[in-house]
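Engineer: turn this into a structure:
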Amino acid sequence: MDVQYKIIGGDGAEYGPVTLAELKDWIRDGRVAWMSRVWRSDLASWSQADRYSELRPDLARVQAAAVAAQVARPCGFWARFAAHFLDYVIWGSIFLAVWTPIAEARHWAQPVWPAQLTQASLEQFWRELGPWMDRAAPVLYPIFMLYDVLLTGRFGATLGKMAVGARVTTRDGAPIGYNRALLRWLASRLSDLTFGFGYLLIAARPDKRALHDLLAGTKVVYRK
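Structural biologist: Predicted coordinates for the structure are as follows:
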């Protein structure tokens, strides 16, 4: 039988049992630190996480990343704007590749921005856009979410952020993991709903954190 592990979380509650691979994911997510209490099934006892040799390399990597990120330079507004633009082009292209065959098979018309901007043409465009968005949203947003969450949770950055040399970390510089990446993506929708004010905080704050960074406990910094 595989060895199982439990931990005492920061809230004092017991979590587990989990496998070694799952426990290492918790270390990367910041849920387990050097001093965390960890129970191992074959020993049937509790010890500090750093007492287990199989956990030390992951604990050391997370600590080194946290130290490096604490002194890393925050990524500013225009670099993040460029990263967002690249990401929108990339995931938008993925969406069109998936959506176009669906729309063609169902004979759904695509709204087209009018060549001549008149009141009648604009009204017609907006009338067509509403039904199109209702149909496209169930495809659009899952692609958007998966693109952002999977890349940020695994690599700390989307392709756009990689292109500008940026990455997302927790406030103390640790990798954010998938759960916090999902929380950050959801919080980003609040930045959208504030008509961009949430993003403008990047330019206004010395730490360059947007509204969704504040809500998710993250920051965007330049890679070394």
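Engineer: list the helices and strands the longest helix along the chain packs on?
Structural biologist: Using DSSP state H to define each element, the chain has its longest helix at helix 119-155. Packing contacts for helix 119-155, counted by 3 or more CB pairs under 8 Å, 6 or more residues apart in numbering; DSSP states H and E, involve helix 77-106, helix 159-164, helix 177-193. The way it works is simple: take the backbone N, C-alpha and C, and place the C-beta from them, glycine included.
Engineer: can you say which of the ones you listed is nearest to A44?
Structural biologist: In terms of CB to CB, the element of these nearest to A44 is helix 177-193, at 28.8 Å.
Engineer: buried residues, that closest one. List them.
Structural biologist: G177, R180, A181, L182, L183, R184, W185, A187, S188, S191 (16 or more other CB atoms under 10 Å).
Engineer: what does stretch 198-212 give?
Structural biologist: Residues of stretch 198-212 classed as buried by neighbour count (16+ other CB under 10 Å): G198, Y199, L201, I202, K208, R209, A210, L211, H212.
Engineer: which outside residues touch that stretch?
Structural biologist: If you take CB atoms under 8 Å, 6 or more residues apart in numbering as the criterion, stretch 198-212 is touched by 74-77, 80, 184, 187-188, 190-192, 194, 197, 214, 218-220.
Engineer: how is Q110 assigned, secondary-structure-wise?
Structural biologist: Under DSSP: H, G, I helix; E, B strand; the rest coil, Q110 falls in the coil class.
Engineer: alpha carbons of stretch 79-88, as CSV, please.
Structural biologist: What follows is stretch 79-88, C-alpha atoms only, in CSV (Å, rounded to 0.1, in the frame of the first residue of the first chain):
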residue,chain,number,x,y,z
ALA,A,79,4.2,45.5,-20.1
ARG,A,80,1.1,43.8,-18.6
PHE,A,81,-1.0,45.5,-21.2
ALA,A,82,1.2,44.0,-24.0
ALA,A,83,1.0,40.6,-22.3
HIS,A,84,-2.8,40.9,-22.1
PHE,A,85,-3.0,41.8,-25.8
LEU,A,86,-0.9,38.8,-26.8
ASP,A,87,-3.0,36.5,-24.7
TYR,A,88,-6.2,37.8,-26.2
